[in-house]
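1. Need a 3D model of the sequence below.
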Amino acid sequence: MTADGAITEIVYRLGLESLLVGVDTTSGYPEQTESLPKVGYLRALPFEGVLALKPDLLITSEQAAPEENLDRLARAGVQVEKLPSAWTPKAALERIESVGSLLGSEERAVRLAADLRSKINRIQQASSARGSEPKVLFILAAGNHSVMLAGEGTAATALLDAIDAVNAVSGIQGYKPANREAILASQPDAIVIAESTPGQFEIRSWPEVERLDAWQNGRRLVADSMMLLGFGPRLPDAMAAVNEVLPAPSDVAANDS
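-> A predicted model of the protein is given here:
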């Protein structure tokens, strides 16, 4: 069993999905995950629900909770493996190899990591050649938490770091409820909106975002939050998609002047 959307994606990319007896609710990609039992949320895994699936192995991340239930599962005979949260390309690739090792498919995982590393390197070379660090307003539209601004210490900022871009919002740690004044003051070069479900962000409810030059000029991306923030096998896709909406160096210079 896996409990972390990015780890579930790794299992599928390795072609080992037949080993899965269940996943958690953060695991919505690929679509085939819908046919599997979904047992609880990553940060609130139920002891009874997981144990009922009779997994030999639970692969999850360090974000998994509650610790008490994970300990109980281990005492009940389930091998519980908590992998580090991967917020750099290097760590993301290492996590792929770790999953492969746990599932007895080391060679397959090494090949996948090498393929993704090659794609990431090409994207990062293009980012470096840009010669500038565009400012990006990163917004998370996630379930009951409504609309949040991504600050420092988040996967959002880590993704921007990976492509030589910077967070347009300063002085915020973690994800904080969107502040309309902060949005207007951010004056980003590009806007990225991560949605936990398609259509969750409604621009008509956020005229402050629509008023920004970046939005008006089409320098915006609305995409799946797990792709953008999961640091899973789709990391090169996420990096390329954000890169695509970043302005040319001359446009950044004009914004800063």
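2. Please count neighbours and contacts with C-alpha atoms only from this point.
-> Fine.
3. Near residue 151, how many other residues are there?
-> 22 (other CA atoms under 10 Å).
4. My guess is it contacts residue 158. True?
-> No: using CA atoms under 8 Å, residue 151 is not in contact with residue 158; the gap is 10.1 Å.
5. The closest residue to residue 198 other than its chain neighbours: what's it in contact with?
-> The spatially closest residue to residue 198, leaving aside those adjacent along the chain, is residue 224, at 7.2 Å (CA to CA, 6 or more residues apart in numbering). Each residue near residue 224 by CA atoms under 8 Å, 6 or more residues apart in numbering is listed here: 194, 195, 196, 197, 198.
6. Show me what residue 224 is bridged to.
-> residue 195 (DSSP bridges).
7. For it, give its distance to residue 197.
-> 7 Å (CA to CA, to the nearest Å).
8. now residue 15
-> If you measure residue 15 against residue 197 using CA to CA, the figure is 25 Å.
9. The two: who's more crowded?
-> More crowded of residue 15 and residue 197, by other CA under 10 Å: residue 197, with 15 against 12.
10. Wasn't that one part of a helix?
-> No: looking at residue 197 with DSSP: H, G, I helix; E, B strand; the rest coil, it is coil, so not inside a helix.
11. From residue 28, how far out is it?
-> 10 Å.
12. Show me which residues of the lengthiest helix in the chain are buried.
-> In terms of residue count, the longest helix belonging to the chain (DSSP state H) is helix 106-129. Buried residues in helix 106-129, defined by neighbour count with 16 or more other CA atoms under 10 Å: 106, 108-110, 112-113, 116-117, 119-120, 123-124, 127.
13. average pLDDT for it?
-> What helix 106-129 shows for mean pLDDT is 96.
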